[in-house]
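Colleague: sequence first, predicted model second:
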Amino acid sequence: MKFKFSCFFLFITLGIQAQYTEMINSNRPGESFGAYSVGTNVLQIETGIAYGEDNHVFSLIPDRTHIDYQYQIRYGLFRERLEVILDGTFVSAEETLLRGGTVTTSRFSNFKSNTLGAKYLIYDPNIKKAKEGPNLYSWKKNNLIQWDDFIPAVSVFAGANLLFGDNPFRFPEEPQSSIKAALITQNNIGRNWVLVSNLIVDKPTTDFPTYAGIFTLTHSIYTRTGVFLEFQTYINDLYSDEIIRAGAALLVNKNLQVDISGLINFKDSPERWRAGIGASYRFDMHTDEYIIKDAE
């Protein structure tokens, strides 16, 4: 969960250019991407399962119950600022339609989303803080919220949506591959708050592009526990909505995090809700490299 960047700020600043931390940093349980990578030679798997319903007030549109299998695989490549991400959801759904006293039920399963891409950190305000070091004369400046906390880290993401075959989640004439891009910002506010925003353009070259924004606020309650609140809005000619998510995460150890979350939306067609659990695990193969120069 993104709150750990504030809890473990010390570890971030140990290496001025490094993003590797002693503790796992996970994008779960929210839907937004944090600005920072997992670190070089770190493989991280984030997964979850959720149950939900989409219910319509109009009788001509079927209601849907679904089980979502969420997955995200992240790996740090070459440089600390770069990571590759495979992000997606496999859905097992059942639709029920009541018409003329007859109930019709259909079941189907497939990938609702599957995106392979890369994220790169283009600006990190923590580099300046690390160079300046802590203020030895002011506890307030080291522990309370400062104006420079509102200067965000900034990353960019670019990837390809990959949906193949006869997929019921593809809209008519949707190509098997399409573009997805995002601008990501992250503010570590004080020691206990983190604000992440994602501005997303999805499938812009298709007949039905989506423009979305995700805004996630996380707060660490104790050293190993945090909560989050998230707002998502997206605009599409086929379907637009606003969603609220909330949940909590527990750090079991430095490589394992577990979480719970849920969502509701603001529309009545469909009226949506979802509840789920998840876990994130890190395979830490990171090694620090030091360059020692001979004295002249």
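Modeller: Okay, I see it.

Colleague: in the host helix or strand of residue 88, what's buried?
Modeller: Element membership for residue 88 (DSSP states H and E) is strand 82-99. The neighbour-count check on strand 82-99 (16 or more other CB atoms under 10 Å) flags 82, 83, 85, 86, 87, 88, 89, 91, 93, 95, 97 as buried. To be clear about C-beta, it is placed using only N, CA and C from the backbone, and glycine gets the same treatment.

Colleague: show me what that strand is packed against.
Modeller: strand 63-76, strand 102-123, strand 153-162 (3 or more CB pairs under 8 Å, 6 or more residues apart in numbering; DSSP states H and E).

Colleague: please point out which parts of the helix or strand encompassing residue 198 sit buried.
Modeller: In this assignment (DSSP H and E), residue 198 forms part of strand 193-202. Judged by neighbour count (16+ other CB under 10 Å), strand 193-202 contains these buried residues: 193, 194, 195, 196, 197, 198, 200, 202.

Colleague: check the average confidence over stretch 50-62, would you?
Modeller: Averaged across stretch 50-62, pLDDT comes to 87.

Colleague: buried stuff in it?
Modeller: Buried, per 16+ other CB under 10 Å, within stretch 50-62: 50, 52, 54, 55, 56, 62.

Colleague: check contacts around the third one.
Modeller: What that stands for is residue 54. 63, 64, 65, 66, 270, 271, 272 (CB atoms under 8 Å, 6 or more residues apart in numbering).

Colleague: out of the residues you listed, which is nearest to residue 255?
Modeller: residue 66 (30.6 Å; CB to CB).

Colleague: how much space between residue 281 and residue 255?
Modeller: Remark: distance between residue 281 and residue 255 (CB to CB, to the nearest Å) = 6 Å.

Colleague: again, but for residue 266
Modeller: 37 Å.

Colleague: comparing those two, which shows the higher neighbour count?
Modeller: Higher neighbour count among residue 266 and residue 255: residue 255, with 15 against 11, using other CB atoms under 10 Å.

Colleague: apart from its neighbours in sequence, what residue is nearest the more buried one?
Modeller: residue 282 (4.4 Å; CB to CB, 6 or more residues apart in numbering).

Colleague: burial check on the one you found, number of neighbours?
Modeller: Counted with other CB under 10 Å, residue 282 comes out at 24.

Colleague: again with residue 177
Modeller: 12.

Colleague: so what's it scoring on pLDDT?
Modeller: 96.

Colleague: do the same with residue 142
Modeller: For residue 142, the predicted pLDDT is 57.

Colleague: one step back: quick check: neighbours shared by residue 281 and residue 255?
Modeller: residue 24.

Colleague: helix, strand or coil for residue 191?
Modeller: coil (DSSP: H, G, I helix; E, B strand; the rest coil).

Colleague: which residue sits closest to residue 153, ignoring its sequence neighbours?
Modeller: Using CB to CB, 6+ apart, the closest residue to residue 153 is residue 35 (4.1 Å).

Colleague: tell me the contacts of that neighbour?
Modeller: Per CB under 8 Å, 6+ apart, neighbours of residue 35: 121, 152, 153, 154, 155, 184, 185, 186, 196.
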